[in-house]
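Visitor: Build me a model from this:
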Amino acid sequence: MKKSFIILIVIALLTNVVTVMAGKRVLFIGDSVTDGGWGRSGGLMKPSTERNQKDLNHIYGHSYMMLCAAKLESMYPEAEMEFRNRGISGDDLTRLEARWQEDAVDWQPDILSLLIGTNDVSYYLERHPQESFNVQQWEQRYRRLLDRIREVNPHVGFILGTPFVAAVGKIGSAADYRQRTELIKALDEAVVRIAHDYNAVVLRYDQLFAAQQTLHPSVPMNYWIWDGIHPTAAGHQLMANMWLDGFATIVASL
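Guide: Numbers count the residues shown, from 1 in each chain. Presented below is the predicted three-dimensional model:
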């Protein structure tokens, strides 16, 4: 009886996803963590128009995005969902804004997954400006990007990831590492505020990676994030697991 009940629940969940997500468009956008070399970019900061969008063997790259799309497409082929990776290595909010219309708004996604912020901090630290990082302004610009998507699709679902950093590699040994962590934390808090106001799913990737030190105390952090910013294959799988949980939350609310 218990086994039959579980089977009925699984069938109901499968049916709900196929029904709710039929033909829906899911867009992943952000920086190199999402990019994963999609479209045979070779790791270069190529715009979408210069990437191979016909080679289905490399269309998603090798980041958490690919793991998420592959999982959902294999589980729910009848839903015929469409996925796009529009992460571009090196992007900060300014570069994202410049291509937002073409890579995000024009496609009119039904679910938009955004992860941005680590390069904003990197570029700021490289320039060493006299003024402080304007988190409030960054947050306002972030919100305007989401507003532009809502203008073309008022029912869009947002999945917002928090940027993260780890004390490993060149990043972790840098003299400005402490300042970097403080800025990343400020952007994390901004993303959480935005997610609350936009009824979005927020993915605390920062907390996800920090928790691994407690869950696996004998495993060094570079097992998950190899250079302080970029996840390893294992790290991307952790992100994909969290993202898929967030996706399930959105589907359940539709």
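
Visitor: What segments of the stretch 1-150 of the chain are helices?
Guide: Counting by DSSP state H, counting those that start in this stretch, the stretch 1-150 of the chain has helices at residues 2-20, 32-35, 64-75, 93-103, 118-127, 135-152.

Visitor: most neighbours per residue, which of these?
Guide: Ranked by mean neighbour count under mean count of other C-beta atoms under 10 Å, the helices of the stretch 1-150 of the chain are led by helix 32-35, which reaches a mean of 25. For glycine as for every other residue, the C-beta is placed from the backbone atoms N, C-alpha and C.

Visitor: Give me the contact list for that one.
Guide: Outside helix 32-35, the residues that touch it by C-beta atoms under 8 Å, 6 or more residues apart in numbering are 28, 41, 61, 63-65, 85-91, 113, 115, 118-119, 229-231.

Visitor: contacting residues for the residue positioned nearest the centre of the chain?
Guide: Centroid-nearest residue in the chain: L115, 3.9 Å away (criterion: C-alpha atoms, centre = their mean). Counting by C-beta under 8 Å, 6+ apart, L115 makes contact with 30-31, 33-34, 87, 160-161, 163, 205.

Visitor: next one: S48
Guide: 39, 86, 88, 99, 102-103.

Visitor: Mind putting the contacts of L115 into a markdown table with pLDDT?
Guide: Listed next are these as a markdown table, based on pLDDT from 0 to 100:
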| residue | pLDDT |
| --- | --- |
| G30 | 98 |
| D31 | 98 |
| V33 | 98 |
| T34 | 98 |
| G87 | 98 |
| L160 | 98 |
| G161 | 98 |
| P163 | 98 |
| Y205 | 98 |
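
Visitor: In strands, which of those appear?
Guide: Of the contacts of L115, the ones assigned to strands by DSSP state E are 30, 87, 160-161.

Visitor: re earlier: flag the least confident of the contacts of S48.
Guide: Within the contacts of S48, pLDDT reaches its minimum at G39, with 94.

Visitor: burial measure for it, as a count.
Guide: The local packing of G39 (other C-beta atoms under 10 Å) involves 22 other residues.

Visitor: any idea how far it lies from L27?
Guide: 15 Å (C-beta to C-beta, to the nearest Å).

Visitor: ok, of the contacts of helix 32-35, which come out buried?
Guide: For the contacts of helix 32-35, a neighbour count by 16 or more other C-beta atoms under 10 Å gives the buried set as 28, 41, 61, 63-65, 85-89, 91, 113, 115, 118-119, 229-231.

Visitor: quick one, what contacts the closest residue to A22 other than its chain neighbours?
Guide: Closest residue to A22 apart from its sequence neighbours, by C-beta to C-beta, 6 or more residues apart in numbering: A79 at 5.2 Å. Residues in contact with A79, defined by C-beta under 8 Å, 6+ apart, are 17-18, 21-24, 72.

Visitor: beta partners for R84?
Guide: L27 (DSSP bridges).

Visitor: wait, doesn't it sit right on K24?
Guide: No - using C-beta atoms under 8 Å, R84 makes no contact with K24, being 11.9 Å away.

Visitor: Those two: which is more packed in?
Guide: The neighbour count for R84 versus K24, taken as other C-beta under 10 Å, is higher for R84 (21 against 18).

Visitor: any idea how far V121 is from the residue nearest to D91 when sequence neighbours are not counted?
Guide: In space, and not counting its chain neighbours, D91 is closest to D31: 4.4 Å by C-beta to C-beta, 6+ apart. D31 is 11 Å from V121, where distance means C-beta to C-beta.

Visitor: go on, D91?
Guide: On the measure of C-beta to C-beta, D91 and V121 end up 13 Å apart.

Visitor: Phi and psi next, for P163.
Guide: phi -70, psi 160 (degrees, to the nearest 10).

Visitor: residue contacts, it?
Guide: So P163 contacts 115-118, 121, 184, 187-188, 191, 205-206 (C-beta under 8 Å, 6+ apart).

Visitor: Any regions of the protein where pLDDT drops low?
Guide: Judged by pLDDT under 70, the chain has its weakly predicted residues at 1-15.
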